[in-house]
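Trainee: A structural model of the following input is requested.
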Amino acid sequence: MALIRIEEHENGVREVVLDRPEAMNAVSTEMANALTAAGEQLREDLSVRAVVVTSSNEKAFCVGADLKERNGFTDEDLRAQRPGNRLAYRALHDLPVPTIAAVDGHALGGGCEIALACDLIVAGPKASFALPEVSVGVIPGGGGTQLLTSRIGWSRAADLIFTARRIDGPEAARLGLADRVVEDAKGEALAMAATIASHSPVGVRNAKAAMRDGLQLSYDEGLDLEDARWHDTAFSADRAEGVRAFAEKRRPEWPGLG
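Mentor: Sure thing, here's the model as predicted:
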């Protein structure tokens with residue numbers, strides 16, 4: 001079993017399927033390595049315009065680290081596993097195209113962090129989120145302490161991480177953890193990805209880069225970064241085609257990164 005599958009949709013949309021259903025997509029060492037490999041494959045493919053992360057298990061998006069595997073670990077085993085796990089979450093977070101997590105079912109611990117590594121989170125009616133690591137003697141280690149705090153603010157993140165409590169989709173949306181709550185999370189996420197894919201690939205990538213890279217900068221530094229990315233886009237073939245298509249009242253045929 002592949003553990004991670006990449007399915008192709010129209011116009012450069014890719015679906016990353018978490019595919020270890022018998023374990024509710026618990027992240028084993030092998031699955032973490034597969035997620036890293038999938039991220040590297042998507043990064044190198046310039047035809048990719050948007051990515052949606054889904055699950056093959058109806059009850060769970062991902063329940064986090066494989067604690068059954070870790071139960072037999074020595075300290076040295078855990079230290080050896082750590083670098084690979086860090087790479088797996090970064091593989092999603094660092095993709096240059098927009099990423100959307102479609103969560104319907106449990107997104108716990110590392111599963112919640114997989115969702116947080118994406119740019120947008122769409123929750124379904126059965127979605128639940130938690131970072132319960134302190135209840136089992138660790139802390140979030142897939143970017144959760146940083147990404148959740150950035151997303152919803154320090155005090156709200158502290159509430160969820162310190163208490164380890166689980167929340168549903170509507171509360172996640174109220175807190176800012178989820179961006180949309182809908183009946184069909186996967187369908188909505190794929191529709192969003194299709195809309196993104198209809199726009200300029202150069203523009204979308206540069207917009208994401210300006211937003212993500214600017215988070216750690218001062219306002220003035222961020223404006224300089226935005227200006228650099230604006231120049232990269234404004235003097236591209238995509239911009240010329242976009243203006244021409246607007247004048248001719250037709251849909252653009254983006255040259256893209258080509």
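
Trainee: is it true that Ala101 touches Ala127?
Mentor: No: Ala101 sits out of contact with Ala127 when judged by Cβ atoms under 8 Å, with a separation of 10.0 Å. (C-beta placed from N, C-alpha, C; glycine too.)

Trainee: Tell me where the stretch 51-200 of the chain is predicted with low confidence.
Mentor: Flagging of the stretch 51-200 of the chain using pLDDT under 70 yields an empty set of residue ranges.

Trainee: Counting neighbours, what do you get for His231?
Mentor: For His231, the count of nearby residues is 11 (other Cβ atoms under 10 Å).

Trainee: Same question for Leu46.
Mentor: For Leu46, using other Cβ under 10 Å, the count is 14.

Trainee: CA atoms only: put stretch 231-238 into PDB for me.
Mentor: Output in PDB follows, covering the C-alpha atoms of stretch 231-238 (Å, rounded to 0.1, in the frame of the first residue of the first chain):
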ATOM      1  CA  HIS A 231       7.600  42.800 -10.500                       C
ATOM      2  CA  ASP A 232       8.000  39.000 -11.100                       C
ATOM      3  CA  THR A 233       4.300  38.800 -12.000                       C
ATOM      4  CA  ALA A 234       3.700  42.100 -13.800                       C
ATOM      5  CA  PHE A 235       6.500  41.500 -16.300                       C
ATOM      6  CA  SER A 236       5.600  37.900 -17.000                       C
ATOM      7  CA  ALA A 237       3.800  36.400 -20.000                       C
ATOM      8  CA  ASP A 238       0.800  35.700 -17.700                       C
END
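
Trainee: per-residue confidence averaged over it?
Mentor: On average, the pLDDT along stretch 231-238 is 96.

Trainee: got the buried residues for it?
Mentor: Neighbour-count burial for stretch 231-238 flags 232-233, 236, 238 (criterion: 16 or more other Cβ atoms under 10 Å).

Trainee: any idea which of those residues is the one closest to Leu120?
Mentor: Proximity of these to Leu120 (Cβ to Cβ) peaks at Thr233, which lies at 21.0 Å.

Trainee: who touches the residue nearest to the closest one when sequence neighbours are not counted in this structure?
Mentor: Distances taken as Cβ to Cβ, 6 or more residues apart in numbering put Asn206 closest to Thr233, at 4.7 Å, once the chain neighbours are dropped. By Cβ atoms under 8 Å, 6 or more residues apart in numbering, the contact set of Asn206 is 229-230, 232-233.
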